[in-house]
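K.L.:
what follows is a predicted structure for the sequence shown.
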Amino acid sequence: MVMGARATRLLLMLVVFVLAAAVEATLHPVDYLALQAVRRALSDLPGSRFFASWDFTADPCAFAGVSCSGDGRVVTLALGDPRAGAPGLSGPFPDAAVARLSALSSLSLVPGRVTGGLSVAVAALPSLRFLALSGNLLSGDIPAAFSPALRTVDLSKNSFSGWIPPSLLQLRGLRTLVLSHNSLSGEIPRTVSSPLVHLDLRSNRLSGAVPPLPGTLLYLSLAGNRLSGPVGTVLRRLPRLSFLDLGQNWFSGEVPGEVFSFRIGYLQLRKNAFSGELRPAGRLPPGATVDLSHNALSGRVPPELATAGAVYLNGNRFAGEVPQEIAAAAESGRMRVLFLQDNFLTGIGVGGVPASSAVCAHWNCVAPPPAVVTACPAKGGRGRRRPQAQCGGRRW
């Protein structure tokens with residue numbers, strides 16, 4: 001009986017030893033040390049408990065944000081609590097440690113206060129397919145080389161500066177590129193060969209003309225830069241667009257009529273220098289938002305805009321009467337917003353509108369109907385009607 005009990009104890013000790021060895025062997029030693037370095041570099045912001053599970057006496061492959069391959073290599077590193085509104089992390093970005101995770105395919109960082117930069121050693125990890133470091137305090141240049149496996153790159157809402165590296169827009173598999181809300185300058189690289197579906201470069205300091213872009217694009221935002229020149233040739237080649245925002249740049253020339261035949265639900269061209277008449281080649285989807293405000297567009301308001309749900313034409317040089325189709329859409333409530341103020345219109349034709357709708361027609365060559373006067377925003381116009389001297393005999 002004594003020998004049996006002793007043998008049982010030895011067997012149990014052996015099982016414990018084997019299990020402990022298995023836990024320690026779960027993760028490759030290089031990756032184990034890399035995760036320890038990540039933990040030393042970063043901390044939870046107040047209210048965050050992301051690192052609570054990072055107890056290195058247990059299996060690191062079970063840590064929050066970590067997943068491993070069957071051979072014990074880290075393939076996913078998602079740093080921070082992904083729930084909306086959750087506090088992020090702080091500390092220097094552990095660039096050197098992450099670069100040692102040679103099998104990494106997905107790297108993400110929730111918005112927080114992580115500082116530092118992004119090196120080629122991380123960006124060019126051979127298996128990296130997903131890179132998202134949005135909403136932190138990262139700075140410096142964007143690396144000149146990236147992994148050829150990348151499908152998504154999101155470095156938005158940081159403080160990256162310098163130029164957009166041409167190699168980034170030539171990755172054969174890149175589908176989503178988001179570099180918005182940084183301090184990038186220079187021109188958009190002239191060759192964009194990646195099969196992009198989503199391109200967001202808004203709120204930077206980019207200048208120059210827009211190069212030819214891939215016809216695969218569904219989403220394009222270049223708003224809030226210093227880009228200039230005509231864009232008609234570029235836009236005509238993007239028939240799949242469903243979202244287009246070029247607002248607050250220095251674009252000029254005519255708005256290509258073909259854009260209105262695309263299935264665009266959001267068309268934003270405000271605060272540019274577009275001119276000439278609007279000649280839509282089709283009608284936008286029902287309920288679409290169209291903002292052409294604060295340009296130099298002239299001629300008649302096209303009736304093809306009647307299918308839109310919100311239309312902003314204020315701050316242009318439109319003349320003549322508002323088409324009956326548009327007036328009827330506003331009166332019925334199908335068009336929720338119709339801003340026509342600061343033009344040279346001679347007929348508004350909009351009577352009563354639902355309380356849920358907003359129509360403004362201040363500062364035209366005719367007094368707006370009383371029913372739409374109160375719908376104007378606080379800065380809806382400089383008066384109810386233009387002086388006659390600005391309207392008599394003038395052609396736009």
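P.N.:
The structure has been received and is ready for your questions. Numbers count the residues shown, from 1 in each chain.
K.L.:
only C-alpha atoms for contact and neighbour calcs from this point on.
P.N.:
Will do.
K.L.:
endpoint to endpoint, stretch 236-243 covers what distance?
P.N.:
14 Å (CA to CA, to the nearest Å).
K.L.:
what comes up buried for it?
P.N.:
Neighbour-count burial for stretch 236-243, counted by 16 or more other CA atoms under 10 Å, picks out 237-243.
K.L.:
now, the residues you listed that are in strands?
P.N.:
Phe243 (DSSP state E).
K.L.:
out of the buried residues of stretch 236-243, which two sit at the greatest distance?
P.N.:
Maximum pairwise distance in these, criterion CA to CA, is 14.4 Å, between Arg237 and Phe243.
K.L.:
need the buried residues of stretch 236-243 in TSV (columns: distance to Asn249 and pLDDT).
P.N.:
Shown next, in TSV, are those (distance: CA to CA, whole Å; pLDDT from 0 to 100):
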residue	distance to Asn249	pLDDT
Arg237	20	96
Leu238	19	98
Pro239	22	96
Arg240	23	97
Leu241	19	98
Ser242	20	97
Phe243	17	98
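K.L.:
go through the buried residues of stretch 236-243 and name the one nearest Arg226.
P.N.:
Phe243 (20.0 Å).
K.L.:
is that closest one in contact with Gly265, as I believe?
P.N.:
Yes. With contacts counted by CA atoms under 8 Å, Phe243 reaches Gly265, the gap being 6.1 Å.
K.L.:
so where do the helices sit in this protein?
P.N.:
When secondary structure is read from DSSP state H, the chain shows helices at 2-25, 29-41, 95-99, 120-123, 232-235, 324-332, 370-373.
K.L.:
in terms of mean pLDDT, which of those helices ranks lowest?
P.N.:
Lowest mean pLDDT within the helices of the chain: helix 2-25, a mean of 44.
K.L.:
roughly how far does the most centrally placed residue in the chain sit from Glu331?
P.N.:
Note on the chain: the residue nearest the mean C-alpha position is Asp200, at 4.7 Å, using CA atoms, centre = their mean. Going from Asp200 to Glu331 by CA to CA gives 36 Å.
K.L.:
for Val197, same thing?
P.N.:
Between Val197 and Glu331 the computed distance is 37 Å (CA to CA).
K.L.:
and Ser119, what does it touch?
P.N.:
By CA atoms under 8 Å, 6 or more residues apart in numbering, Ser119 lies in contact with 95, 142-143.
K.L.:
Ser67: neighbour count?
P.N.:
Counted by other CA atoms under 10 Å, the residues lying close to Ser67 total 19.
K.L.:
so it makes contact with Val74?
P.N.:
Yes. The pair Ser67 / Val74 is scored as a contact, 5.9 Å apart, by CA under 8 Å.
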